[in-house]
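Engineer: my questions concern the predicted model and sequence given below.
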Amino acid sequence: MREHFVRVEDKTEVSIEVNLNSYGYSDRFSWLLSVFIKFDGLDESREGFEEYLEVKESLIIELEHDNKAKYVGSRVVDGWSELYFYAQNSKGLQNIVSNSLTPIKYIFESNVVKDSKWDFHYKNLSPNELEIALIESKKIIFLLEDEGDDISIVRPVEHYISFEVPTQKNRFLNTMSLDGFVFKDDISNDEFENGIALIKEHSVEYEDVKQNIEELFIEIKKSQGYYEGWSTVLAKEIDV
């Protein structure tokens, strides 16, 4: 399962694709193969971009054949597309890359290093808690749009938070200073007991949702809490 998100590093936006299914074989694949492909201009021509995607997927298929390597994700930054794989050993990997990319005349580089603890993956590809919340938000927004909803319409949105112990929850509620957020109810389920629901009226356009989650996230972490997501109702019938 591949997910996409954007991370800002040193004031530069990095577009990241991560294969969340990759964690299951981290104990057996300890060699990191990095492939860097010059990306300038590929987004200017739709035909060129589609060609690049075909090349990328062909390379992934070739490297994953016979379980030689596993594709774990990519990063697009500073005019380069960076593809990352983990393999059981380093033998022949760079030859496969060269045989795949040289005939197409892409500018590319590749290297293989030992990374048995998957340090690179966890630092540079794995989404953090906030990034996961934003990934899940995009899925909810997609479902709303798929239902024909006008996501620009302001409506009540419930945001869910959990804490490990009641004192953390109480501290958060007593010190919360967030414009527009109002406590709605205590909640609990099989995953957590010390949960709360906050409610705020805002649109569910991505940038609006992102801004509200980021503001809430800062306050949550002051009390060692966890953001658990949000929900809302369809707004087709809301008067504007």
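Structural biologist: Looks like it arrived, so ask away.

Engineer: can you give me the helices for the chain?
Structural biologist: With DSSP state H, the ranges of helices along the chain come out as 46-64, 93-101, 119-124, 129-146, 166-175, 206-222.

Engineer: low-confidence stretches in the chain?
Structural biologist: Across the chain, the ranges flagged by pLDDT under 70 are 40-47, 237-240.

Engineer: any idea how it splits into domains?
Structural biologist: Split into domains by automatic domain parsing, the chain comes to 2-124, 129-232.

Engineer: now mean neighbour count too, for those domains, in a markdown table please.
Structural biologist: Glycine gets a C-beta too; all of them are placed from N, C-alpha and C. Formatted as a markdown table, those follow (neighbours: other C-beta atoms under 10 Å):
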| stretch | mean neighbour count |
| --- | --- |
| domain 2-124 | 15 |
| domain 129-232 | 16 |
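
Engineer: quick one: closest of the helices of the chain to Val233.
Structural biologist: Taking C-beta to C-beta, helix 129-146 is the member of the helices of the chain nearest to Val233, at 9.6 Å.

Engineer: for the closest one, packing partners?
Structural biologist: strand 2-9, helix 206-222, strand 226-232 (3 or more C-beta pairs under 8 Å, 6 or more residues apart in numbering; DSSP states H and E).

Engineer: export those to a markdown table and tack on distance to Gly180?
Structural biologist: Listed next are the helices and strands packed on helix 129-146 as a markdown table, based on distance: least, C-beta to C-beta, whole Å:
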| stretch | distance to Gly180 |
| --- | --- |
| strand 2-9 | 25 |
| helix 206-222 | 8 |
| strand 226-232 | 14 |
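
Engineer: how far away is Glu219 from Leu178?
Structural biologist: 6 Å (C-beta to C-beta, to the nearest Å).

Engineer: any idea how far stretch 13-23 is from the chain center?
Structural biologist: 6 Å (C-alpha atoms, centre = their mean, to the nearest Å).

Engineer: would you mind writing the CA trace of it as PDB?
Structural biologist: Output of stretch 13-23 as PDB, limited to C-alpha atoms (Å, rounded to 0.1, in the frame of the first residue of the first chain):
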ATOM      1  CA  GLU A  13       9.100  20.700   0.000                       C
ATOM      2  CA  VAL A  14       9.900  17.100  -0.400                       C
ATOM      3  CA  SER A  15       7.200  14.900  -2.100                       C
ATOM      4  CA  ILE A  16       7.400  11.400  -0.500                       C
ATOM      5  CA  GLU A  17       5.900   8.100  -1.500                       C
ATOM      6  CA  VAL A  18       6.100   5.300   1.100                       C
ATOM      7  CA  ASN A  19       5.200   1.700   0.800                       C
ATOM      8  CA  LEU A  20       3.600   0.900   4.200                       C
ATOM      9  CA  ASN A  21       3.700  -2.800   3.500                       C
ATOM     10  CA  SER A  22       7.400  -2.800   3.600                       C
ATOM     11  CA  TYR A  23       7.800  -3.100   7.400                       C
END
